[in-house]
Every structure is written in structure tokens, then in C-alpha cells.
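**Q** Please find the sequence and the predicted model below.
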Amino acid sequence: MEYKQRTVTCGELRKADDGRLVVLNGWVHRDRNHGGIHFINLRDRYGITQVVVGEQAPEEVVRTAEKLRVEFCIAVEGIVHARPASMVNAEMATGEIEVEVTSLQILSTCDPVPFLIDEESDAKEDTRLRYRYLDLRSNGMQKRIKLRHDFVKAIRDYLCGRGFYEIETPTLIRSTPEGARDFLVPSRIYPGKFYALPQSPQLLKQILMVSGFDKYFQIARCYRDEDARGDRQLEFTQLDLEMSFVKRDDVLLLMEQLFGYVFERTMDVKLPEHFTRLSWHDAMNTYGVDKPDLRYGLPLTDVDDLAKESTFGTFKAVLEAGGCVKALRAPASDTVAFTRKYITELEDAAKVYGAKGLAWMKIGSNHTLEGGVSKFFVGQERALIDRMEANEGDMILFVADQWKKTCNSLGAVRIKLARDLKLFDPKDFAFCWIIDFPLFEFNEDRGHWEAAHHMFSMPQAQYLDTLESDPGSVKGDLYDLVLNGYEVASGSIRIHDIELQKRIFRICNIPDEESEVRFGFLLNAFRYGPPPHGGIAPGIDRMVMIMAGQSSIKEVIAFPKNTAAVSPMDDAPSYVDQNQLDELHLIIKQPEQKG
RNA sequence: GAGGGUGUAGCGAAGCUGGUUAUCGCGACGGCCUGUCACGCCGUAGAUCGCGGGUUCGAGUCCCGUCACUCUCGCCA
């Protein structure tokens, strides 16, 4: 098809272009037809320009303009005119000019659209995903996809400047389960054998260290066959990074410098030079989560001693059973009244994590306690109010249970309170490091210890003698990066010693014969002079999501899947031909029909 | 696997304790309109109220089941 190709984009014409003859290509964003005069907002990636078909327009142009509908793709040739002062649109970057059309061509037509292209679509997510190509035309999606591009570009620029190599690793690899479920790819050539899609390039990047590529990174797609969430998809993208001859602080420092550079360049946001560091235990104990949102305070406070002296039997029973009592101050609010109904909402949040209840009391005037469980704390008013740093109108909330349940439950209440009471600026970015993670946790279902992160993380030196005798207390050289309450990166210094690695495997119930089969290639590599090494893997989707002020990573992924692991646009996954199954030596066993 | 929420026209929503012809906005279609910029005005079409069953003289509304979407717990080394 012959058509006039653009000489300018829809976002760039200004007053100084007055009088120029230009060609624009783009989509009809809005078409205001006044009978004798058409105003067409023409849109492309770069912006929107008003083009006008007026009385002087050639008859053929007028006839074509009559046919235009929203989202038609068109080519326009015309003359740029500065608008008179009274007609300037200050809202638009190009609002000082308009283009008087001298030639108009429809490049393609558009069916009636299921939803209008706006800043943000108000259609339901399902509809947006089904028509993702239209949804992506919206300014909001265009901005977010651009932010993601800028973010990744800045990462590449920075790391390449620091001497890193970007190296690709395969996406068809050996299955090394443990942790998440693998996606499997059947081998046509070897009946019954499968490749796996990588959950992360973990082992491959460690082997690259053995190979001497001492500064490696990759923008890596990772796959985990688990249920999706707002901040989780079954495929996602990580900045995978590994370095040799580094210790923990080298990795942390590099990340602080990297994100300092990236945030300044992509968002014009200046981050602190260093991020707060919290031990895993302190994070859990003080904020009730291993990924605390430090845009606000509201620490959980230990009140074991006060509870013990109180007359509240429930608390005392929990303490005697070895549990703990923690309290949280809910600051008085102009917008949220602490009604019975609201307290029930808070209690429901606590119960999600297993708390049996949420005790409460209110702070009255002159250091008095009112309502709820206050009657059990007679004589302790002053001590409790001082401990909680509470003021009149505040509420104090208590959970009593085993330590972890107490922390998790009250931590959930803390998060809900902060959201409801708007205790933080959504434009803030609060990074923090969580360090000193336990290396193992006991899996009750399987009856053995498992790696809390993964099995390749280095135990801290002081625990090397007690790995087997007391796995539960071993801390690892592990670190998570947390941003605004989301885990955005996770890493560790790795084991590079065969014997130590085998000890870890054994503690995780993997005997030597089995680890040789499953991880033999790594162990073999470690026989050939492996360097000390460590790394980290920030999640690109989550970070961009937070930077874009969104709460779902679907908002920063061009073609995401829904919570049911389906892509509504192309309807993946789908059945395949019998021929394809035959070639792959697969027989499908249909699940039994329900009912 | 479990819990909460939602499902009404192409899209977004209203529809209170069951009661005539299911309402509104956007969009679509037709007409009018020379300065709009979410243009405006007049008119028209468009809905098996997610699906199946039940209660009832009568169900969008109540009950049971089921499906889809969504958030959360489990799960996510």
C-alpha cells in the first residue's frame, strides 16, 4: 500500500514549527465532528496532536474524514499552525499548535472497540488481557512499558560500566527439583526424558564463576509452576547476577550503587547511599514479616512482662505455654473510627495467620485505658501507655500466641492499619536489607530439614561445627532486598567446597548417591578450582511494579497470564494435536470427571 | 486444596426488605451542528440479569449447586 510516511511524531510539534508541512501517522484517539469542521486527536507512542479538517480542506479529505472512527490507523499530511491564544490547550504538550489537514488516508479501519483507550482503562482485568493489544495502547501501559525498558537499559549500562559481562544461559536445562515445581519440556529424541525450564539460572551462574567470568549478569526469564499472585507470575524476569572473590558487603554495596544510579536515571529519585540493615530475627520480631515496609513505623512491642502481671488469664496461659504477647499501637485517626466493626476487620486480618483473637483497648484522657481488655490491666495503665508511647485516642492491639504466629498475625494487622490510616507516602521508596537468615527450616510434612532459601548458600563461619547437631540455629550468609514491603531481591554467598556442599545436602535429606545424580555436574565443577563467589537476583517485574506505583506485576508485563495461569488473549495453555503427542511419546491421562 | 469479593447490553455501573415494560453513563447506529479538545443536541438499536436447579402466584433479587474472574491463605529453594 502506498501511503505517506510520517515526517514527525504526534508528540513533538511546537509553536516554533508554525508553517511547516508535515506528515503524521497514528491512531484516531478522539474525533470531534462539528459538522463543518472535524477535530481529530491523532495519537502515537509519543503523544497526541490535534489535526483539523476545516472548510478549506479539499472535498476528498472531508469525505474521508466523515468515515473516520475511533482507533482507525491513518496518515495525515498538513500544515502546522500556531493556535491563537484563546484556543491553546495547556493540558497537551502539543497544545500550542494544530495541523490543518491537506491530505488524509485511512491505513486501516477498526471494529468498534470493547473499551475506549484512555489514560487507564476502566475495563475489568480479564477484558483488558483478552484485548491486550488495545490495552497496551493506553498511555498508562505505554508509560509503564517504557519505564521497564528504561530500568533494564539503566541496569545494563551501569553493570557493563562496572565490568560485568552479560551472558545467556539455556532455558532448556536439567530438572533439579527441590523448592518450586519445575515446568517440564518433553524430549522428542529421548522418550521419557524431559528438559526443565529454569526456576533461575542458579547453578549455571555458579559454574560460570568456576569458568572465571568473575562478574556476570543476565536479564533472565525464570519459570516456576506455582499458583500466581498479584506479585507473582509463573514466568517472570530477574536480574541474575554473580561475582567471584566477593563477600556479602561487596554484593550489598554494589546493589546500593546500582539502584542509586538506576532510580536517579529512570525516576529522578535520589536514594540514600546505604540501605537500612535488619537481621531476619529483628525484622520478624519488630515488624512481623521478613519483608517489612519501612515507609512507616508502628513496631510490634513486647509486653510479656506486663501481661504476666495482668489479671488476663488468656495472656498468662499463653506465656506459661512458652508463647509471647505483643502489642501494636494504632494511632488515632481522623478518617478511620475505631468502631467494633473496624476492630473485627483487624481481627480478621490477624486470624488469617492463625491468631485466635485480637485483644484491644483504647487510650482515654489522663492516661486511662478503656474498653476491651483494659479491665485486666488495672494499675498498669501508666506503664503500658509509656511502653507503647500511646496518646489519647490511640488504640492498643494485642496478640498472644507462639512467637512466629504472634509476629505474623500482628504484622498483618500492622500492614492493614498502615493502609487504612494512610500512614505512608505512596511515592516513597524505602529499601532495606534483611540479613542473617536461618539457613534451614524444618518441614513438618516431609519430616526433615530443608534449605530456607536454597541449598547453595554458605553457612556463617561460626556455625560450621554445629551444622548437623543444631541445624535450626544456623545462620546463613544470605540477604534479601526489601522495597516498600515487597521482597525484590534475594541472594547469598555460595558454597564453593564439595564437602561442605555435601554436608548441606545430607542435612536436607539428600544422601551422597542422590546428590551425585542430581547435582553431579555442579560438584564435578567444584573439583576444578572453584572461586569463592556470591550473588543476588533482583526481580525486575516487582521492582518496576513498585516504581510505577502499581500493586500487580501484570501492570508492567506486556502479555501476562491471569491467576488461573491462562493467557486470555491467545488462550494458552491449549490442547495439542495427537501427532505432536505421538512425536513426544506422551499419553494424556485425563483427570477423573467431578460429580 | 481453602476462604473472601465480583459476575446485569460491546464497556463500566444502579437495581433497597421478591411485584407491571430491568435503569444510568460511555460506546455503536442515524440525524443536526464552523473552534472543539471527555465537544454539544435529537433520535434508534442493543440484555436468555454467568450457567443449572429449587422455593414462590411471581426471582436480577431468596436457597442449593456449578463456572469464570479477582484478592488472600496454603504453595512460591
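**A** All right, it came through fine. Residues are numbered from 1 along each chain as shown, chains lettered A, B, ... in the order given.
**Q** Can you get me a residue count around the residue lying closest to residue A:182 once chain neighbours are set aside?
**A** If the residues on either side of it in the chain are set aside, residue A:182 comes closest to residue A:196, at 4.1 Å by C-beta to C-beta, 6 or more residues apart in numbering. From N, CA and C alone the C-beta is placed, and that goes for glycine too. Residue A:196: 19 surrounding residues under other C-beta atoms under 10 Å.
**Q** tell me the SS of residue A:196?
**A** State at residue A:196, reduced to three classes by DSSP: H, G, I helix; E, B strand; the rest coil: strand.
**Q** Hmm, residue A:178 and it touching each other?
**A** No - using C-beta atoms under 8 Å as the test, residue A:196 is too far from residue A:178 to be in contact (11.8 Å).
**Q** who's in contact with the residue nearest to residue A:230 when sequence neighbours are not counted?
**A** Leaving aside its chain neighbours, residue A:230 sits nearest to residue A:552 (4.6 Å; criterion: C-beta to C-beta, 6+ apart). Residue A:552 sits next to A:230, A:231, A:545 when contact means C-beta atoms under 8 Å, 6 or more residues apart in numbering.
**Q** Give the phi and psi angles for the second one, as a check.
**A** Residue A:231 adopts backbone torsions of phi -110, psi 20, taken as degrees, to the nearest 10.
**Q** Spell out which parts of the stretch 201-350 of chain A neighbour RNA strand B.
**A** A:202, A:224, A:226, A:227, A:228, A:229, A:230, A:231, A:232 (C-beta under 7 Å from any atom of the strand).
**Q** closest point of chain A to RNA strand B, which residue?
**A** residue A:179 (1.8 Å; C-beta to the nearest atom of the strand).
**Q** Pretty sure that residue sits in a strand.
**A** No - under three-state DSSP, residue A:179 sits outside any strand and is assigned coil.
**Q** and residue A:501, what does it touch?
**A** Residue A:501 sits in contact with A:455, A:456, A:495, A:515, A:519, A:522, A:523, A:526, where contact means C-beta under 8 Å, 6+ apart.
**Q** Could you single out the nearest of those to residue A:304?
**A** residue A:455 (35.9 Å; C-beta to C-beta).
**Q** so that closest one makes contact with residue A:177?
**A** No - with contact defined as C-beta under 8 Å, residue A:455 does not reach residue A:177; the gap is 11.8 Å.
**Q** higher neighbour count, the two?
**A** residue A:455 (21 against 11).
**Q** what about that one, which SS state?
**A** Assignment for residue A:455 (three-state DSSP): coil.
**Q** Quick check: closest non-adjacent residue to it.
**A** residue A:504 (5.3 Å).
**Q** Could I get the contacting residues of the one you found?
**A** Neighbouring residues of residue A:504 by C-beta under 8 Å, 6+ apart: A:451, A:455, A:456, A:459, A:467, A:495.
**Q** Quick check: it is in a helix.
**A** Yes - assessed with three-state DSSP, residue A:504 lies in a helix.
**Q** do you know how far residue A:382 is from residue A:410?
**A** Residue A:382 sits at a distance of 23 Å from residue A:410 (criterion: C-beta to C-beta, to the nearest Å).
**Q** If you count surrounding residues, which of those two has more?
**A** Just comparing residue A:382 and residue A:410: by other C-beta under 10 Å the higher neighbour count belongs to residue A:410, 30 against 11.
**Q** Now do the same contact list for the more buried one.
**A** Counting by C-beta under 8 Å, 6+ apart, residue A:410 has contacts A:288, A:300, A:326, A:327, A:328, A:350, A:355, A:397, A:399.
**Q** Would you mind measuring from the fifth one to residue A:267?
**A** If I follow you right, that is residue A:328. 32 Å.
**Q** So for the two, which residue has more residues nearby?
**A** residue A:328 (24 against 17).
**Q** Go ahead and confirm the more buried one touches residue A:416.
**A** No - if you go by C-beta under 8 Å, residue A:328 and residue A:416 don't touch, sitting 10.6 Å apart.
**Q** who in the stretch 351-500 of chain A is up against RNA strand B?
**A** So the stretch 351-500 of chain A meets RNA strand B at A:352, A:353, A:450, A:451, A:452, A:453, A:454, A:455, A:490 (C-beta under 7 Å from any atom of the strand).
**Q** ok, which pair from the contacts of residue A:504 is furthest apart?
**A** For these, and using C-beta to C-beta, no pair is farther apart than A:456 and A:467, which are 14.5 Å apart.
**Q** check contacts around the residue nearest to residue A:118 when sequence neighbours are not counted.
**A** Nearest residue to residue A:118 in three dimensions, chain neighbours excluded: residue A:138, at 6.1 Å (C-beta to C-beta, 6+ apart). Contact analysis of residue A:138 by C-beta under 8 Å, 6+ apart lists A:117, A:118, A:119, A:120, A:121.
**Q** Against residue A:417, how distant is the fourth one?
**A** Per C-beta to C-beta, residue A:120 is found 28 Å from residue A:417.
**Q** Also the third one?
**A** With distances defined as C-beta to C-beta, the gap from residue A:119 to residue A:417 amounts to 31 Å.
**Q** now do residue A:229
**A** 22 Å.
**Q** Comparing the two, which residue is more hemmed in?
**A** Under the criterion of other C-beta under 10 Å, the comparison of residue A:229 against residue A:417 puts residue A:417 first, with 23 against 10.
**Q** Contact partners for that one?
**A** Neighbours of residue A:417 in contact, by C-beta under 8 Å, 6+ apart: A:298, A:328, A:330, A:346, A:423.
**Q** Can you tell me the closest non-neighbouring residue to the first one?
**A** Leaving out its chain neighbours, the residue that sits closest to residue A:298 by C-beta to C-beta, 6+ apart is residue A:414, at 5.1 Å.
**Q** Tell me which helix or strand the nearest residue to residue A:274 once chain neighbours are set aside sits in.
**A** Excluding its sequence neighbours, the residue lying closest to residue A:274 (C-beta to C-beta, 6+ apart) is residue A:256, at 5.7 Å. Here residue A:256 sits within helix A:248-267, counting by DSSP states H and E.
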